[in-house]
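Peer 1: Give me a 3D structure for the following:
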Amino acid sequence: MNLLKIISLAILLSFCFISETMADSTFVESDVVYHVINNNTVDVSSQNSTNRQNISLRDSILRIPASVKHSGITYKVKGIEAGAFAKICSIKEVDISDGVEEISKAAFIACANLEAVRIPSSIKEIGEDAFAYCISLRSIRVDKRNSIFDSRDDCNAIIRKEDNTLVCGCMTTRIPSSVRSINSRAFVGCLIEKTSIPEGVEDINEAAFYYCNNLKEIYLSSTVEFIHYNAFSYCSNIETITVNPKNKTFDSRNECNAIINTEDTLLVLGCSNTKIPSAIKEIGEGAFMNCKNLQEIIIPEGVVSIGSEAFYGCSALKKVQLPTSLVCFDRHSHFSHCTSLDSIFIPQNVDSIPSDIFVDCHSLAKIVVDKRNQKYDSRQDCNCVIRTSDNVLVAGCKGSVIVDGIQSIDEYSFNESSITSIHIPASVVRIDSTAFRDNEYCMAISVDSNNPYYKSDGTNSIMERGTNKLVLACATTQISPEVSSIGAYAFTNSSGLVVIPSGVRSIGHAAFGECEDLFTVIIPPSVERIERFAFGHCKQLTNVIMRGTPAFIHESAFDGCDNLKDSPYSNTK
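Peer 2: As a prediction, this is how the structure comes out:
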């Protein structure tokens with residue numbers, strides 16, 4: 001064999017060897033899964049177990065090596081992949097060897113028993129939420145030789161040296177005065193009870209203390225200049241808020257237990273003990289979001305605007321007093337999920353109300369608009385907000401009556417309102433598909449026989465005239481044999497058995513979404529399309545009987561149907 005043939009054969013054999021190695025894209029060593037990046041580098045992919053909660057670790061310590069040997073090849077371990085060890089409760093300590101360079105996004109998210117982490121000198125990148133919701137985490141140590149990060153002054157945090165930004169903290173973190181910024185999502189899910197932002201810190205980024213449910217006390221030093229949106233969102237138990245009197249940007253005047261932007265007189269953050277002082281002009285976005293212990297709020301005269309989601313999720317909030325100076329509800333969801341709110345009075349100067357302002361206000365039964373209001377009304381004591389100029393019903397509640405003269409029912413206007421009966425008068429020409437979403441207590445639906453656009457025909461439902469599309473239905477609905485299609489969000493709830501009549505050609509987006517009492521559905525051969533989430537999150541749905549084969553079934557049509565054992569379709573797109 002001449003030299004050229006020998007060289008060619010050697011190259012061919014090498015290529016075959018590399019190809020075979022690359023084909024083995026993952027392998028397992030010591031119960032850890034590795035993902036091959038190239039012929040000599042791997043990332044840690046996950047723990048090798050079908051039941052990750054029951055993984056057994058020696059001394060409950062997860063050790064990430066700098067290199068690993070498999071099938072005679074030694075691989076360098078470069079990083080830990082996104083979500084690799086998420087929610088593994090058996091891990092109490094993480095020991096990462098020198099040589100590993102990256103910890104990806106959410107790598108250890110929600111490891112509930114993780115207590116200690118050691119970051120080696122080689123780590124160059126740490127992804128967002130790497131240790132979020134690690135509620136037992138008490139010790140974070142960065143090797144002093146690391147050129148990118150440190151845990152100076154034994155602060156139990158990870159700090160980026162380049163810009164003195166605190167990247168990740170835990171329940172025992174003491175923020176050093178050398179820190180200039182607290183990074184987005186730095187303390188997500190931490191069980192801290194109080195936080196003192198020291199002198200030197202200038203910037204608190206978006207969602208920095210997101211879901212710190214045990215947080216009760218906040219202190220801001222004189223140097224804080226920026227507090228980004230949602231910095232303290234879902235901190236539901238805050239009781240005390242104090243701002244250093246020397247702070248030139250923010251204040252908590254008159255011991256009001258709030259953070260106020262001094263120049264703009266904007267209330268940035270409130271809590272259950274907030275007393276909104278006079279001279280405030282605006283309640284900021286998410287200012288009281290998810291404040292679980294807030295039961296009553298008096299908004300003083302002078303306030304002209306309330307920001308989006310200002311009182312979102314305040315489940316104990318029963319009484320709200322709005323000032324006559326109020327002009328604007330900005331954008332959306334101001335009182336959404338305030339499940340105890342029972343009544344509200346809209347003052348005369350309000351000229352902007354979003355349709356989702358009262359989503360999931362189950363107890364809300366009375367809505368009154370000041371009769372002097374030029375933009376909105378609640379005519380005939382209907383317990384609705386109606387835009388006067390075009391007779392659009394903007395927002396309703398469980399005590400609402402849809403009165404004659406209303407022409408349109410807006411999106412989300414009755415979303416999760418607990419309304420029990422719905423009557424559509426002759427004047428209504430448009431009903432948004434989301435208007436009555438998730439009204440599980442609705443049992444009676446009717447339409448005035450003189451309505452030229454909709455009909456009911458005694459079926460406890462609403463159909464479009466002309467198209468025969470089913471617009472709205474409930475558990476007592478008898479689906480008419482005239483129905484040609486079932487519209488988006490049509491069913492607010494359903495009976496245990498639904499038989500879709502022959503002639504129906506399509507089932508729309510989320511048509512039966514979250515119908516928790518639905519056990520069995522029979523679909524006729526006439527159905528050609530089943531759209532996105534058509535039966536999404538029908539958790540009790542066990543049987544889907546197909547009489548035919550629809551041409552199109554969206555891949556998410558049965559998402560969240562946990563009890564559906566067998567795939568009800570063979571053709572998805």
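
Peer 1: Kindly state the pLDDT recorded for L497?
Peer 2: Looking at L497, its pLDDT stands at 96.

Peer 1: close enough to count as contact, it and Q540?
Peer 2: No. Between L497 and Q540 there is no contact under Cβ atoms under 8 Å: 11.5 Å. Where you see a C-beta, it was placed from the backbone N, CA and C, and this is true even at glycine.

Peer 1: Same drill for these two, tell me which one is more crowded.
Peer 2: Remark: of L497 and Q540, Q540 carries more neighbours, 15 against 12, as counted by other Cβ atoms under 10 Å.

Peer 1: related to what we said a few turns ago, which neighbours do L497 and Q540 have in common?
Peer 2: F519 (Cβ atoms under 8 Å, 6 or more residues apart in numbering).

Peer 1: any idea how far S181 lies from N164?
Peer 2: As for S181, its distance to N164 is 7 Å (criterion: Cβ to Cβ, to the nearest Å).

Peer 1: On the pLDDT front, check L9 for me.
Peer 2: For L9, pLDDT reads 42.

Peer 1: Give me the phi and psi for the residue nearest to N237 when sequence neighbours are not counted.
Peer 2: Excluding the flanking residues, the one nearest N237 by Cβ to Cβ, 6 or more residues apart in numbering is K216, at 5.7 Å. Backbone torsions of K216, given as degrees, to the nearest 10, read phi -120, psi -30.

Peer 1: any idea which element the closest residue to H35 other than its chain neighbours lies in?
Peer 2: Once flanking residues are discounted, H35 sits nearest to S45: 4.2 Å by Cβ to Cβ, 6+ apart. Element membership for S45, per DSSP states H and E: strand 41-47.

Peer 1: next structured bit after that strand?
Peer 2: Next along from strand 41-47, by DSSP H and E: strand 61-64.

Peer 1: Note down every partner strand of that next one and its orientation.
Peer 2: strand 93-96 (parallel) (DSSP bridges).

Peer 1: Would you mind pulling the contact partners of the next helix or strand after the strand it pairs with?
Peer 2: Counting by DSSP H and E, the next helix or strand C-terminal to strand 93-96 is strand 102-103. Contact partners of strand 102-103, identified using Cβ under 8 Å, 6+ apart, comprise D43, K78, G79, I80, I96, I119, I123, K124, E125, I126, G127, A130.

Peer 1: from those residues, which two are the most distant?
Peer 2: Spanning the widest gap among these are D43 and I119, at 17.0 Å by Cβ to Cβ.

Peer 1: Report the contact partners of the residue lying closest to S252 once chain neighbours are set aside.
Peer 2: Leaving aside its sequence neighbours, S252 sits nearest to V243 (Cβ to Cβ, 6+ apart; 4.2 Å). For V243, the contacting residues are Y219, L220, F250, D251, S252, I259, I260, by Cβ under 8 Å, 6+ apart.

Peer 1: Pull the number of nearby residues for E81.
Peer 2: Neighbours around E81, by other Cβ under 10 Å: 22.

Peer 1: Tell me how far the residue most central in space within the chain lies from T459.
Peer 2: By Cα atoms, centre = their mean, the chain has its centre lying nearest to Y234, at 11.1 Å. In this view, Y234 and T459 are 43 Å apart by Cβ to Cβ.

Peer 1: In which helix or strand does S325 reside?
Peer 2: Going by DSSP H and E, S325 is not in any helix or strand.

Peer 1: about what we covered before: quick one: which of the contacts of V243 is nearest P524?
Peer 2: I259 (59.2 Å).

Peer 1: if I read this right, the closest one contacts V224, doesn't it?
Peer 2: No. I259 sits out of contact with V224 when judged by Cβ under 8 Å, with a separation of 9.1 Å.

Peer 1: between the two, who's got more neighbours?
Peer 2: I259 (28 against 23).

Peer 1: Tell me what that one is bridged to.
Peer 2: Here I259, judged by DSSP bridges, has bridge partners L269.

Peer 1: so who does it touch?
Peer 2: Taking Cβ under 8 Å, 6+ apart, we find I259 in contact with I218, L220, I227, I241, V243, F250, D251, S252, L267, V268, L269.

Peer 1: do that again at 10 Å, thanks
Peer 2: Counting by Cβ atoms under 10 Å, 6 or more residues apart in numbering, I259 touches 218, 220, 224, 227, 231-232, 241-243, 247, 249-252, 266-271, 274, 284, 287.

Peer 1: Any stretches of the stretch 451-573 of the chain with poor pLDDT?
Peer 2: 567-573 (pLDDT under 70).

Peer 1: can you rerun that using 80?
Peer 2: For the stretch 451-573 of the chain, the stretches with pLDDT under 80 are 565-573.

Peer 1: that older thread, which of the contacts of V243 are buried?
Peer 2: L220, F250, D251, S252, I259, I260 (16 or more other Cβ atoms under 10 Å).

Peer 1: Which one of those is nearest to G503?
Peer 2: I259 (59.9 Å).

Peer 1: Show me the shaky parts of this protein.
Peer 2: 1-24, 39, 47-58, 565-573.

Peer 1: ok, which stretches of it are helices?
Peer 2: Under the criterion DSSP state H, helices of the chain are mapped to 3-23.

Peer 1: what residues are shared contacts of S181 and N164?
Peer 2: V201, E202.

Peer 1: Could you pull up the contacting residues of the nearest residue to M289 once chain neighbours are set aside?
Peer 2: Nearest non-adjacent residue to M289, counting by Cβ to Cβ, 6+ apart: Y312, 4.8 Å away. Taking Cβ under 10 Å, 6+ apart, we find Y312 in contact with 233-234, 285-291, 332-338, 359-360.

Peer 1: Emit the ChimeraX select command for whichever of the residues you listed are buried.
Peer 2: Restricted to buried positions by 16+ other Cβ under 10 Å, the ChimeraX selection for the contacts of Y312 reads:
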select :233,234,285,286,287,288,289,290,291,333,334,335,336,337,338,359,360
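
Peer 1: Count the neighbours of N214 for me.
Peer 2: 14.
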